[in-house]
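Asker: Sequence and computational prediction follow.
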Amino acid sequence: MTLPPLPYRTWVEQAERPDRILVIPLGSFEQHGPHLPMATDTIIATTVANDAALEVECDVAPALPFGASGEHQGFAGLLSIGTSVTHDVIIELLRSARFTWKGVVLVSGHGGNVHALQDALALARFEGSTVHLWLPRDPNGDAHAGKSETSFMMTLPDNHIRPIEVPAVELESTELAQVWREGIMGVSPSGVLGTPGAATAEYGWELRRRWCSEIVELIQSIQGES
C-alpha cells in the first residue's frame, strides 16, 4: 500500500509500517544576503530530504524552520531559537520518534545548528536512539549566501532569487573565526560570505545530486542494521 505523505497519515496507517526511517529537515530563519530568501536553509534541507525520499523508502517530517542563528543578529527578519533550545527540541523529537521509527536522519541545512546537534546526538544515542546527522558540505564552495547556496536555489522552479548584482565577500580563515565571535554583520554588511556571482544552475544540480546521495546512504545504513 502506498502511504500518503507523513503529515496526512493516520496513526493507524503509520503503525502498520514500524520498520520505516524518519528524515527530519532542520533549517533556520535568517538573512541570506540581499538576493536569497530568509528560509533558504529550510528550503535546501526540505528539498534534499524529499529528493532522497524519491530514491529510497523513508518518511519525511515537516521541517523545523527555526534554529540557532545568533551570528545573524542585527539583520532584519532574524528569528532564532538559540543553541540550547535547538538542542532541547531535537532531543525531545528524537525521544518521541524512537517509539515509532527504526531510526532517524537529521538533515540540517544550517551550519549554525551544528553545536546543538552534536550534543543532542550524543545524548540521544546514549538514550538508545538510532540517529545520523547530515550537514551540507561543499569543499569548493563558500560559507554563506555565496556560490553554493545560490547555485542550489537555481535548481528550484520558484527559486525566489532577486535579480540583483551582489558583490563578493571573501574572507580569510581568521576573519571567519571573527564571525563566530562578533557576528556576520561585523565582517559583511550585506550578509554574504562568498561569491554569489559565480553561481550556476549546473553547479547547483551537482550539489543537489551529491547531497541527495549522501542522505540516501545514511538512510540505507540504518535500514541495513539489524
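Answerer: Perfect, I can see it now.
Asker: next helix or strand past the lowest-mean-pLDDT helix or strand in the chain?
Answerer: Counting by mean pLDDT, DSSP states H and E, the weakest-scoring helix or strand in the chain turns out to be helix 173-182, with a mean of 72. As assigned by DSSP states H and E, the chain's next helix or strand after helix 173-182 is helix 201-223.
Asker: helices or strands next to that next one in the packing?
Answerer: strand 21-26, helix 40-55, strand 103-108, strand 131-134, helix 147-153 (3 or more C-beta pairs under 8 Å, 6 or more residues apart in numbering; DSSP states H and E). For the C-beta atoms, the positions are set from N, CA and C on the backbone; glycine is no exception.
Asker: Take those and write them to TSV, including mean pLDDT, mean neighbour count and distance to H160.
Answerer: Shown next, in TSV, are these (pLDDT from 0 to 100; neighbours: other C-beta atoms under 10 Å; distance: least, C-beta to C-beta, whole Å):
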stretch	mean pLDDT	mean neighbour count	distance to H160
strand 21-26	98	26	18
helix 40-55	98	22	8
strand 103-108	98	26	20
strand 131-134	98	21	23
helix 147-153	97	26	7
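Asker: quick one, which of the ones you listed is nearest to C212?
Answerer: Taking C-beta to C-beta, helix 40-55 is the member of the helices and strands packed on helix 201-223 nearest to C212, at 4.1 Å.
Asker: which residues sit against the closest one?
Answerer: 23-30, 32, 37, 58-60, 63, 65, 67, 107-110, 136, 145, 149, 152-153, 155-156, 208, 211-212, 215-216, 219 (C-beta atoms under 8 Å, 6 or more residues apart in numbering).
Asker: Between strand 21-26 and it, find me the angle.
Answerer: Angle, helix 40-55 to strand 21-26, by axes from the mean of the first three to the mean of the last three C-alpha atoms, to 10 degrees: 160 degrees.
Asker: ok, now how distant is N159 from F152?
Answerer: Using C-beta to C-beta, to the nearest Å, N159 is found at 9 Å from F152.
Asker: before we move on, what about I222?
Answerer: 25 Å.
Asker: now swap in C212 and tell me
Answerer: Counting by C-beta to C-beta, the gap from C212 to F152 is 11 Å.
Asker: Kindly report the same for G70.
Answerer: From G70 to F152 the distance is 24 Å (C-beta to C-beta).
Asker: R162 and H35 touch, don't they?
Answerer: Yes. If you go by C-beta atoms under 8 Å, R162 and H35 touch, sitting 4.4 Å apart.
Asker: Near D19, how many other residues are there?
Answerer: Applying other C-beta atoms under 10 Å, we find 9 residues neighbouring D19.
Asker: okay, the closest residue to it other than its chain neighbours: pLDDT?
Answerer: In this structure, D19 finds its nearest non-sequential neighbour in K102, 5.5 Å apart by C-beta to C-beta, 6 or more residues apart in numbering. With respect to pLDDT, K102 scores 96.
Asker: Run a quick neighbour tally on K102.
Answerer: K102 has 16 neighbours, counted by other C-beta under 10 Å.
Asker: Look up how far E16 lies from it.
Answerer: 14 Å.
Asker: try E214
Answerer: Distance, E214 to E16, using C-beta to C-beta: 29 Å.
Asker: so is R95 in a helix, a strand, or just coil?
Answerer: Three-state assignment for R95 (DSSP: H, G, I helix; E, B strand; the rest coil): helix.
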